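[1] what follows is a predicted structure for the sequence shown.
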Amino acid sequence: MALTAPVSEQSYLGPTTINFSATASGYHGAIQRVDFSANGSVVGSATTATSGYYTFDWTNCTVGIYPVYATAYDVYGASASTTPITVNVSLLQPPQSVAITSPSSGASLPTPYDVVINASAVDTADGIANVQILTNNVLLTR
């Protein structure tokens, strides 16, 4: 019995899908099912192996640190479990970089003057939902 996915200490950005995969063979007979568990509760099961692997996709896994393991049951009721490993699901990270592109830092502008503020933001994971521009902790625009 071996848990082949996920791997120990694997990190995810959540909510997410965690793909479980395990190999198992029955000492007393054929494998009836493999249960996949997180935090001590079964989150899914597989009753057939594909290319030797029992698999399950845990969808909508929320933020948390989870001890996960697999338990195989043979047709005679005997069972074996893998040693629990830990996976970490954390919140999506904020944008990796945000910069005001104009006016330039330290620019002097005549008064009264309507200032056009341009900004750029880069997020390598999921894109940018919005950029907020504040002055003295007062929101100017989104």
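    Ah, there it is. Just so you know, these numbers come straight off a predicted model, no measurement behind them.

[2] could you point out the longest strand in this protein?
    Assignment by DSSP state E gives strand 64-74 as the longest strand of the chain.

[3] just checking: what are the partner strands of that one?
    strand 31-38 (antiparallel), strand 79-81 (antiparallel), strand 85-91 (antiparallel) (DSSP bridges).

[4] JSON lines for the ones you listed, including mean neighbour count?
    (Glycine included, C-beta is placed from N, CA and C.) Shown next, in JSON lines, are those (neighbours: other CB atoms under 10 Å):
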{"stretch": "strand 31-38", "mean neighbour count": "21"}
{"stretch": "strand 79-81", "mean neighbour count": "14"}
{"stretch": "strand 85-91", "mean neighbour count": "15"}
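
[5] save the ones you listed as a markdown table, and put in distance to Ile117 too.
    What follows is these, written out as a markdown table (distance: least, CB to CB, whole Å):
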| stretch | distance to Ile117 |
| --- | --- |
| strand 31-38 | 46 |
| strand 79-81 | 58 |
| strand 85-91 | 28 |
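
[6] Serialize the ones you listed to CSV and add fields for distance to Ala2 and mean pLDDT.
    Below are the strands paired with strand 64-74 laid out as CSV (distance: least, CB to CB, whole Å; pLDDT from 0 to 100):
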stretch, distance to Ala2, mean pLDDT
strand 31-38, 11, 96
strand 79-81, 10, 94
strand 85-91, 11, 93
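
[7] having no further points to raise, I will conclude here.
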